[in-house]
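> I would like the atomic coordinates for the input below:
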Amino acid sequence: MLKYFVILFLHQFVYGNPIDEPPVTFQNAGQLESPWMVLIQIEDLVCGGSLIHGKYIVTAAHCFKYIKPEDRKNEKILKKSIKIKLGEWKTNMDPDCDDDSDEQICDPVVIIAPISIYVHHAYTVANYKHEHDIAIVKLAWPPRPTGLIQSIKLPDKRTCRDTANDEIWTVTAFGQLPDRSFTTIKKKIDLNMISTRECINLIKRGEKTIFDEKNYICGTGTRGESTCIGDSGSGATTKSRNVPILQGIVSFGTSDCGKRGVPSGLLKVACYIDWINTAINALKDADSTENDVTSETIETTETTETPETPKNDDDGGWRGGAEPEYRFRAQHVRPPSRY
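Okay, here's the model as predicted:
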């Protein structure tokens with residue numbers, strides 16, 4: 001398995017802007033940009049996510065590392081500890097209104113409680129390991145589509161092994177700015193995808209990191225910026241024939257996040273298409289009142305094959321199926337290098 005991972009033990013690399021370089025700045029996203037983006041507030045933590053199908057959101061598993069495994073399908077506890085906002089643009093306004101736009105929309109933010117969370121069975125929560133950092137959140141009801149709330153398509157799973165080097169993936173998020181304050185308006189970060197070797201060379205010494213190079217990819221901001229604390233779980237997108245595609249999920253970074261030339265680590269969604277369908281199928285209503293996602297798969301850029309019948313693991317995990325018993329191996333440790 002070692003060949004699938006990159007182990008980073010690097011020499012000191014000093015970050016900071018040279019005196020003749022301008023400070024890092026972020027772009028603000030327009031009100032109508034990224035309507036699939038959701039803001040997830042978990043007590044005092046902030047994450048992002050993407051609406052992908054009906055009442056299902058995909059995000060990073062580590063956003064829920066402080067939610068006890070047995071509580072991840074406890075509606076009462078989830079409703080009390082997690083708030084999910086859709087159609088959010090300016091966090092200090094409700095409703096959000098763009099007075100400078102010809103297409104002014106003043107819809108109120110939609111808040112829907114989560115009722116269940118499905119974390120990848122092989123997700124690892126060690127401080128320096130980044131593996132299978134993906135989770136599906138089921139909302140209490142599907143939001144009504146509006147100009148500010150839309151689901152996004154997923155990529156063709158056959159692109160999982162594509163390197164994507166030099167492609168531009170756009171992240172929208174509500175995390176921190178370089179001064180460590182949280183943005184009050186949805187920000188936009190254009191990341192240039194880079195090779196694994198280049199990612200290694202950009203990561204600071206002392207930040208021991210192991211990531212699955214088959215299923216992860218790195219990017220650096222085209223304007224010098226990077227993702228930062230609070231951006232975890234947010235989607236990274238491209239367009240195919242002008243149709244937005246969810247390519248990545250923000251997973252990890254370094255302690256110098258938000259600074260010039262710092263890499264952002266993303267999970268590749270294309271590598272998890274079958275798992276996503278399995279997870280949604282496992283979260284379907286017990287009374288089967290909602291469509292079986294095995295036969296009605298979420299929208300991707302390909303015609304997705306019907307996944308095989310999931311099988312339970314022998315070690316206490318699961319691969320999906322109807323109403324599985326939720327048994328996680330969780331260590332509630334706050335990783336210093338993960339957002």
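> which stretches of the protein have low pLDDT?
1-25, 99-104, 125-128, 204-210, 255, 258-259, 285-339 (pLDDT under 70).
> how close does residue 118 get to residue 153?
20 Å (CB to CB, to the nearest Å). Bear in mind the C-beta positions are built from the backbone N, C-alpha and C, glycine included.
> between the two, which one's more packed in?
Applying other CB atoms under 10 Å to residue 118 and residue 153 shows that residue 118 carries more neighbours, namely 26 against 18.
> Name the residues linked to the more buried one by a beta bridge.
Under DSSP bridges, the beta-bridge partners of residue 118 are residue 136.
> Show the backbone phi and psi for residue 62.
Main-chain dihedrals, residue 62, degrees, to the nearest 10: phi -70, psi -10.
> can you map out the helices along the stretch 151-300 of the chain?
196-202, 273-282 (DSSP state H, counting those that start in this stretch).
> Out of those helices, which one sits most buried?
Of all those, helix 273-282 carries the top mean neighbour count, a mean of 23, counting by mean count of other CB atoms under 10 Å.
> Just tell me which of the helices of the stretch 151-300 of the chain ends up closest to residue 261.
Among the helices of the stretch 151-300 of the chain, the nearest to residue 261 by CB to CB is helix 196-202 (6.3 Å).
> residues touching residue 188, list them.
Each residue near residue 188 by CB atoms under 8 Å, 6 or more residues apart in numbering is listed here: 26, 27, 28, 29, 33, 34, 170, 171, 172.
> Who wins on neighbours among those residues?
Most surrounded of the contacts of residue 188: other CB under 10 Å gives residue 171, at 29 neighbours.
> Kindly reformat the helices of the stretch 151-300 of the chain as a markdown table and extend each row with distance to residue 66.
Listed next are those as a markdown table, based on distance: least, CB to CB, whole Å:
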| stretch | distance to residue 66 |
| --- | --- |
| helix 196-202 | 28 |
| helix 273-282 | 20 |
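> Between those, which one is closest to residue 130.
Set against residue 130 and scored by CB to CB, these come closest in helix 196-202, at 11.6 Å.
> Tell me the gap between that closest one and the middle of its chain.
Distance of helix 196-202 from the chain centroid (CA atoms, centre = their mean, to the nearest Å) equals 22 Å.
> Over to stretch 85-100?
The answer for stretch 85-100 is 21 Å, by CA atoms, centre = their mean.
> May I have it as PDB, with CA atoms only?
In PDB, the C-alpha atoms belonging to stretch 85-100 read as follows (Å, rounded to 0.1, in the frame of the first residue of the first chain):
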ATOM      1  CA  LYS A  85     -27.800  27.100   5.100                       C
ATOM      2  CA  LEU A  86     -28.700  27.000   1.400                       C
ATOM      3  CA  GLY A  87     -28.800  30.100  -0.800                       C
ATOM      4  CA  GLU A  88     -26.400  32.000   1.400                       C
ATOM      5  CA  TRP A  89     -24.300  34.800  -0.100                       C
ATOM      6  CA  LYS A  90     -23.700  37.500   2.500                       C
ATOM      7  CA  THR A  91     -23.500  36.000   6.000                       C
ATOM      8  CA  ASN A  92     -24.300  39.400   7.600                       C
ATOM      9  CA  MET A  93     -27.500  39.900   5.700                       C
ATOM     10  CA  ASP A  94     -30.800  38.000   5.400                       C
ATOM     11  CA  PRO A  95     -32.300  38.200   2.900                       C
ATOM     12  CA  ASP A  96     -29.300  38.600   0.700                       C
ATOM     13  CA  CYS A  97     -29.800  41.400  -1.900                       C
ATOM     14  CA  ASP A  98     -27.400  42.500  -4.600                       C
ATOM     15  CA  ASP A  99     -28.200  46.100  -5.300                       C
ATOM     16  CA  ASP A 100     -25.700  46.300  -8.200                       C
END
